[in-house]
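1. Please find the sequence and the predicted model below.
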Amino acid sequence: MNACYTVGLLDSVGENLALNKPANQVSTYSTAVASRAVDGVLNTASCTWSAVHPWLSVDLEAAYDVGRVTVTNYYSTTNGD
């Protein structure tokens, strides 16, 4: 089983603070690299490779007041396409 993600970290006016920021994940399935979770493209996602405890991290590169966090987790047998 693969864990696939998209991530949004919104400030108080709705700007996505995670957009195109550096991202890492525990492993990568096929071409579904961590940066796909924060690329802003609605039909892509990052996917890990059969991790028991999958994780994804995003470096915002600065301190922000975060108003809302959204993480969409998909069960997938594909590469996130």
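-> Cool, got the structure. Residues are numbered from 1 along each chain as shown.
2. Could you measure from residue 16 over to residue 6?
-> 11 Å (Cβ to Cβ, to the nearest Å). Glycine gets a C-beta too; all of them are placed from N, C-alpha and C.
3. quick one: which of the two has more around it?
-> Here residue 16 and residue 6 are set side by side on neighbour count (other Cβ atoms under 10 Å), and the busier one is residue 6, at 23 against 16.
4. give me every residue that touches that one.
-> 37-38, 42, 44-46, 71-72 (Cβ atoms under 8 Å, 6 or more residues apart in numbering).
5. How about it, nearest residue that isn't a chain neighbour?
-> residue 72 (4.6 Å; Cβ to Cβ, 6 or more residues apart in numbering).
6. Give me the packing partners of the helix or strand in which the one you found is found, helices and strands only.
-> Using DSSP states H and E, the element containing residue 72 is strand 68-76. Contact here means 3 or more Cβ pairs under 8 Å, 6 or more residues apart in numbering; DSSP states H and E; on that basis strand 68-76 packs against strand 2-10.
7. Could I have the CA atoms of the strand it packs on written out in CSV?
-> What follows is the C-alpha trace of strand 2-10 in CSV, where atoms were taken according to Å, rounded to 0.1, in the frame of the first residue of the first chain:
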residue,chain,number,x,y,z
ASN,A,2,1.2,3.5,-0.9
ALA,A,3,0.3,6.7,1.0
CYS,A,4,-0.3,9.7,-1.3
TYR,A,5,-0.6,13.3,-0.2
THR,A,6,-1.3,16.8,-1.2
VAL,A,7,-0.7,19.6,1.3
GLY,A,8,-2.0,23.1,1.9
LEU,A,9,-0.9,25.5,4.7
LEU,A,10,-3.1,28.6,4.5
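8. Enumerate the positions of the next helix or strand after that strand that are buried.
-> Tracing the chain past strand 2-10, the next element assigned as helix or strand by DSSP H and E is strand 23-25. Along strand 23-25, the positions that meet the burial threshold by neighbour count (16 or more other Cβ atoms under 10 Å) are 23, 25.
9. Stretch 41-50 now?
-> Neighbour counts using 16+ other Cβ under 10 Å place 44-48 of stretch 41-50 among the buried residues.
10. mind listing what the nearest residue to residue 39 once chain neighbours are set aside touches?
-> Of all residues beyond its chain neighbours, the one nearest residue 39 is residue 20 (6.7 Å), with distances taken as Cβ to Cβ, 6+ apart. With Cβ under 8 Å, 6+ apart as the criterion, the residues that contact residue 20 are 35, 38-40.
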